[in-house]
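[1] coordinates only, no sequence provided:
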DNA sequence: CGAGCTTTTGAGGTGCGTCAAACTATGTGG
DNA sequence: CCACATAGTTTGACGCACCTCAAAAGCTCG
């Protein structure tokens, strides 16, 4: 079970991210990498991987592409409640509940690993750090949901969009997807609107306002933030909820 | 370590709720009850039990009273991101992260049990169902956070307040705090405003609108919902995210 | 009975939504 | 390589849901 170089680079973000949450033994890493590579899947943009109401019987781990969790109301209103970036898993413990309370969809073409419940459970049963790392991930996810609540409930449009850009930046950084002061922005303004609880029209005007004030450059599917500190100030952004730094 | 009748009735909501998530052995229940009664605490209304930035080294389980999780912005804007009702615990796994990303405060006088981390960990290490029950609780908490995101992002004020009332009702029911079609509403309109992302003034007008349409009666700190189905329709409320029914 | 909350009412402003249409990519087939 | 279709972005006009400020009225409790 040796892995090729290209395989390694594919699963690298996952291992890098989990290791930042909890130090992982060489053994645990190898087993996880192997399990991921056995369950590789591809999906196009805009596909539902799993829908609200579906039973859950596997864990998905994103290797490339952007995904989102979303919920809809009967009349079609949609709210993206979180993003899922490369290196992140889709609820390692979701199968403890009966059915999904939300849907998960790709926003771009994506590659992910699907690990069956039994396989995953034996994996984490065999290594405490691995189990803790996945649990940490779930807890951070909840912390992000809380931050989104104050974002949607108490920040005005400009702060809200700025905050989302800051969060995206800080979540992409640990998996090596920030290039200087830029990252790709592969999703539509419609998606950004659904993530910030705004209409597309107003989201667009808010983006233009951020552009006009020089805080961001957004074009050719690339987001550039020249002065991240200034953007964070405008967003009232405080990154502690992301738990980016190793706890003692 | 036999327990008196009054002790039992105090911890009863907790055991009832956890048992609904996972069947618990008599042994596990007894150990948990004993641990809770050893760490009983009281707090007045409006006290912070733990604040954003604090390290976590114990688990709190609410026996009576209403609590909330909240976050604030530098300029004082506050968002209540979730309620904590009797029978619910405050993040059984929070100590895996370095510090709190939010604060927890009492909204009414409260009684809770505080169990030190080591004690709690040995408790759940000794019983798989107990560990799973607490994990389920954490997962449901996350699902509630997601529902709050769509509530804050995509529901209009009337739907939003109606939805909150429906959720409160459905969360109080399993711990026996619904009396016919009424429950106590011990918190201020200011708190309700901070939970729904509205101003107090507009929250008040929205409550009056709900009253005028006959959907609720709210007076003397008591909320009465004569036609819960109608209120749920008005709120676009679908309870599946609360995972109230035992999974197979 | 008065002090301090909490709820309610009024007036006026604005941030954001809706509707509609123009403009600009992006992609596909001929 | 162009013609066309489709998706995404941008602009304008207009309305309203919700906000802010201010003050009155009703509770609660020492």
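    Thanks, I have the structure now. As the structure is a computational prediction, the values presented were derived from the model and not from experiment.
[2] what pairs with residue A:106 across the strands?
    Counting by DSSP bridges, residue A:106 is bridged to residue A:67.
[3] so it sits against residue A:46, correct?
    Yes. If you go by Cβ atoms under 8 Å, residue A:106 and residue A:46 touch, sitting 6.4 Å apart. From N, CA and C alone the C-beta is placed, and that goes for glycine too.
[4] which bits of chain A sit near DNA strand D?
    A:188-190, A:200-201, A:204-205, A:207-208 (Cβ under 7 Å from any atom of the strand).
[5] what's the closest of the residues you listed to residue A:215?
    residue A:207 (10.3 Å; Cβ to Cβ).
[6] wait, is the closest one part of a helix?
    Yes. Applying DSSP: H, G, I helix; E, B strand; the rest coil, one finds residue A:207 inside a helix.
[7] close enough to count as contact, it and residue A:158?
    No. Taking contacts as Cβ under 8 Å, residue A:207 lies outside contact range of residue A:158: 9.7 Å.
[8] what angle do the top helix by length along chain A and helix B:128-154 make?
    Secondary structure of chain A per DSSP state H: the longest helix is helix A:128-154. Interaxial angle, helix A:128-154 versus helix B:128-154 (axes from the mean of the first three to the mean of the last three Cα atoms, to 10 degrees): 30 degrees.
[9] which SSE is immediately downstream of helix A:128-154?
    Using DSSP states H and E, the helix or strand that follows helix A:128-154 towards the C-terminus is helix A:157-172.
[10] so which elements touch that next one?
    Where contact means 3 or more Cβ pairs under 8 Å, 6 or more residues apart in numbering or on different chains; DSSP states H and E, helix A:157-172 is packed against helix A:128-154, strand A:182-184, helix A:189-196, helix A:200-212, strand A:222-224, helix A:228-235.
[11] what's the spacing between it and its chain's center?
    Averaging C-alpha positions (Cα atoms, centre = their mean, to the nearest Å) puts helix A:157-172 13 Å from its chain's average.
[12] quick one, grab the pLDDT at residue A:98.
    For residue A:98, the pLDDT comes out at 89.
[13] quick one: it and residue B:243 touch, right?
    Yes. With contacts counted by Cβ under 8 Å, residue A:98 reaches residue B:243, the gap being 6.5 Å.
[14] which of the two has more neighbours?
    Set residue A:98 next to residue B:243 and count neighbours by other Cβ atoms under 10 Å in any protein chain shown: residue B:243 wins out with 21 against 15.
[15] mind listing what the more buried one touches?
    Contacts here follow Cβ atoms under 8 Å, 6 or more residues apart in numbering or on different chains; on that basis residue B:243 touches A:97-98, A:101, B:21, B:136, B:140, B:143.
[16] ok, which pair from those residues is furthest apart?
    Checked with Cβ to Cβ, these reach their widest spread between A:101 and B:21, with 14.8 Å between them.
[17] any idea how chain A splits into domains?
    Per automatic domain parsing, the structural domains of chain A span A:5-147, A:156-242.
[18] distance to residue B:32 added to those domains, as a markdown table?
    Output for the domains of chain A, formatted as a markdown table (distance: least, Cβ to Cβ, whole Å):
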| stretch | distance to residue B:32 |
| --- | --- |
| domain A:5-147 | 19 |
| domain A:156-242 | 30 |
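[19] can you say which of the ones you listed is nearest to residue B:119?
    Nearest of the domains of chain A (Cβ to Cβ): domain A:5-147, 18.6 Å.
[20] can you say which of the residues of chain A next to DNA strand D are buried?
    A:189, A:207 (16 or more other Cβ atoms under 10 Å in any protein chain shown).
[21] which ones, among the residues of chain A next to DNA strand D, also lie beside DNA strand C?
    Contacts with DNA strand C within the residues of chain A next to DNA strand D, counted by Cβ under 7 Å from any atom of the strand: residue A:201.
[22] would you format the residues of chain A next to DNA strand D as CSV with pLDDT and distance to residue A:153 included?
    Compiled in CSV, the residues of chain A next to DNA strand D are given as follows (pLDDT from 0 to 100; distance: Cβ to Cβ, whole Å):
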residue, pLDDT, distance to residue A:153
A:188, 98, 24
A:189, 98, 22
A:190, 98, 22
A:200, 98, 21
A:201, 98, 21
A:204, 98, 22
A:205, 98, 21
A:207, 98, 21
A:208, 98, 24
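[23] for residue A:124, give its distance to residue B:120.
    According to Cβ to Cβ, to the nearest Å, residue A:124 and residue B:120 sit 20 Å apart.
[24] more neighbours: which of those two?
    Set residue A:124 next to residue B:120 and count neighbours by other Cβ under 10 Å: residue B:120 wins out with 24 against 20.
[25] for residue A:110, give me its contacts.
    Shown in contact with residue A:110 (Cβ under 8 Å, 6+ apart): A:42-43, A:45, A:62-67.
[26] mind redoing it with 6 Å?
    Residues near residue A:110 by Cβ atoms under 6 Å, 6 or more residues apart in numbering or on different chains: A:43, A:65.
[27] between the helix or strand of chain A with the lowest mean pLDDT and helix A:128-154, how many degrees?
    Here the helix or strand of chain A ranked lowest by mean pLDDT, DSSP states H and E is helix A:5-21, holding a mean of 88. Computed by the same axes, to 10 degrees, the angle separating helix A:5-21 from helix A:128-154 equals 70 degrees.
[28] now what about the helix or strand following helix A:5-21, what contacts it?
    Per DSSP H and E, the first helix or strand lying C-terminal to helix A:5-21 is helix A:26-38. With Cβ under 6 Å, 6+ apart as the test, helix A:26-38 has contacts from A:1, A:7, A:11, A:15, A:61, A:113, A:115, A:127, A:130.
[29] before we move on, back to that, as JSON lines, the helices and strands packed on helix A:157-172 with distance to residue B:235 would be great.
    Shown next, in JSON lines, are the helices and strands packed on helix A:157-172 (distance: least, Cβ to Cβ, whole Å):
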{"stretch": "helix A:128-154", "distance to residue B:235": "17"}
{"stretch": "strand A:182-184", "distance to residue B:235": "38"}
{"stretch": "helix A:189-196", "distance to residue B:235": "20"}
{"stretch": "helix A:200-212", "distance to residue B:235": "25"}
{"stretch": "strand A:222-224", "distance to residue B:235": "36"}
{"stretch": "helix A:228-235", "distance to residue B:235": "30"}
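[30] so which of those is nearest residue B:195?
    Nearest of the helices and strands packed on helix A:157-172 (Cβ to Cβ): helix A:128-154, 8.4 Å.
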